[in-house]
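> When you get a sec, could you give me coordinates for this:
(one chain, ligands or ions: 4)
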Amino acid sequence: MVTDLERNAALHAVRSAATLCSAAQGRLVAGETLTKGDDSPVTVADFAAQAVVVEALTDRLGSIELVGEEDPADLASDDQASLRDGVTALVSTQLGHDVAAGQVLDWIGVGGSDGRSDRYWTLDPIDGTKGFLRGDQYAIALALIEDGEVVLGVLGCPNLPNPDGSTGAVFVASGGEAVAYPAGATDPVRVGVAEPATLAEARFCESVESGHSSHDDAAEIASRLGIVAEPYRIDSQCKYAAVARGDASIYLRLPTRPGYREKIWDHAAGKFVVEQAGGVVTDVDGASLDFRHGRRLEENRGIVATDGRFHDRVIEVVRDVLA
Ligand SMILES: Nc1ncnc2c1ncn2[C@@H]1O[C@H](COP(=O)(O)OS(=O)(=O)O)[C@@H](OP(=O)(O)O)[C@H]1O
Ligand SMILES: [Mg+2]
Ligand SMILES: [Mg+2]
Ligand SMILES: [Mg+2]
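Ligands and ions are numbered 1, 2, ... in the order given. Okay, here's the model as predicted:
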């Protein structure tokens, strides 16, 4: 069960992080980006966004359990002093008052939970960091998980173009529906998946980076399904938003190497937005995503999200191609 207090706190937290990230994107200077141990990039804005989400949630809800992507240990060494200062400055600007560096690191550190309890939050403060650095799409993804099931998903997509010409929307999924708050709108609009009459009319989306999802396998799957439209390549969990509101009807995330396990924060919020908008999300074998195994989806491989109608057929072809 999700309380109104939790839903409102999560929406406020994601909006605050989105404001911070929008202000920071395009203004990063040399030294404000770091390569993590797994060779992936992280910026001052990723750390700062995690801090402001924790501040917003704990201020309204008291202590929380959170599985967050970023780790304050990456900022701890003496070499990282200027990165720490950059993070602290972004957080202070967003909160409107000076905050001590130690406080900022403590907030980020709240995200260190192992994700093995009955009820926890998970956060990707910037999903699609490579897209963020390129000046493209990224998302702030926050979800609440209860007994291994997502019960609340909030997805901030600050650069997503809206049908009315505005830019940016926050998607909220809970209680049987998915809604979007387009930039500037106070009232939410209901979002629902597209229902193309035939698979041939479907459009699929995939990662921009071929290292995150195999473009070659996706092209083969699309060809076997008779899909003619070019793939919609868009960074981050904006792919889930695209399926949820009908910009595309399939999202394929196809393993690029055998041992990779998806991180829970890369999928929890987005997959719930698609489901509450009427779609279906599984792994490439058609199995439900299982959030009971800690920080990674240990029992799943890859992702397939669809509008629902053609899910079984898509899985059949995905399994054939990946076999
Ligand atoms: N090998 C591999 N396979 C699958 N996924 C991986 C892999 N390596 C990294 N990651 C995760 O990909 C996250 C970004 O995925 P995207 O779909 O947004 O990528 S892309 O920007 O569209 O190319 C990215 O999330 P962020 O770090 O939050 O950006 C990573 O967690
Ligand atoms: Mg990352
Ligand atoms: Mg991510
Ligand atoms: Mg991230």
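
> now for the host helix or strand of residue 88, which elements pack on it?
In this structure, residue 88 sits in helix 81-95 according to DSSP states H and E. If contacts are counted by 3 or more CB pairs under 8 Å, 6 or more residues apart in numbering; DSSP states H and E, helix 81-95 sits against helix 4-24, helix 44-61, helix 101-109. In short, each C-beta sits where N, CA and C put it, glycine included.

> Quick one: name the residues of the protein near ligand 1.
40, 69, 124, 126-131, 207-209, 211-212, 235-236, 256, 260, 263, 266 (CB under 6 Å from any ligand atom).

> so who does the residue lying closest to residue 35 once chain neighbours are set aside touch?
Leaving aside its sequence neighbours, residue 35 sits nearest to residue 41 (CB to CB, 6 or more residues apart in numbering; 5.9 Å). Residues in contact with residue 41, defined by CB atoms under 8 Å, 6 or more residues apart in numbering, are 33, 34, 35, 129, 130, 133.

> again, but for residue 190
177, 178, 179.

> Contact partners for the residue in the stretch 151-300 of the chain that ligand 4 sits nearest to?
Closest residue of the stretch 151-300 of the chain to ligand 4, CB to the ion: residue 265 (7.1 Å). Listed by CB under 8 Å, 6+ apart, the contact partners of residue 265 are 67, 68, 69, 122, 123, 124, 127, 141, 143.

> And residue 166, by the same measure?
When contacts are counted by CB under 8 Å, 6+ apart, residue 166 touches 182, 183, 184.

> any chance of these in JSON lines, plus distance to residue 219?
Shown next, in JSON lines, are the contacts of residue 166 (distance: CB to CB, whole Å):
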{"residue": "182", "distance to residue 219": "32"}
{"residue": "183", "distance to residue 219": "34"}
{"residue": "184", "distance to residue 219": "38"}
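
> among those residues, which ones are buried?
Among these, those that count as buried by neighbour count (16 or more other CB atoms under 10 Å) are 182, 183.

> quick check, nearest of the contacts of residue 166 to ligand 3?
Using CB to the ion, residue 183 comes nearest to ligand 3 of the contacts of residue 166, at 22.2 Å.

> What's the per-residue pLDDT of the closest one here?
Listed pLDDT for residue 183 reads 93.

> Quick check, it in contact with residue 162.
Yes: counting by CB atoms under 8 Å, residue 183 touches residue 162, with 7.2 Å between them.

> Need the residues touching each of those two.
Contacts common to residue 183 and residue 162, judged by CB under 8 Å, 6+ apart, are 168, 169.

> returning to that earlier point: among the contacts of residue 166, which ones are in strands?
residue 182 (DSSP state E).

> helices or strands next to the helix or strand hosting residue 240 in the packing?
Assigned by DSSP H and E, residue 240 falls within helix 238-244. With contacts taken as 3+ CB pairs under 8 Å, 6+ apart, helix 238-244 sits against strand 149-161, strand 167-174, strand 204-206, strand 250-253, helix 268-276, strand 303-306.

> which one of these is the most hemmed in?
Among the helices and strands packed on helix 238-244, helix 268-276 has the highest mean neighbour count (mean count of other CB atoms under 10 Å), at a mean of 29.

> Just the C-alphas of that one, formatted as CSV.
C-alpha atoms of helix 268-276 as CSV (Å, rounded to 0.1, in the frame of the first residue of the first chain):
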residue,chain,number,x,y,z
ALA,A,268,11.7,-0.5,-11.2
ALA,A,269,10.1,2.9,-11.8
GLY,A,270,9.9,2.6,-15.6
LYS,A,271,8.5,-0.9,-15.7
PHE,A,272,5.7,0.1,-13.3
VAL,A,273,4.8,3.1,-15.4
VAL,A,274,4.4,0.8,-18.5
GLU,A,275,2.3,-1.8,-16.5
GLN,A,276,0.0,0.8,-14.9
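
> Great, nothing more from me.
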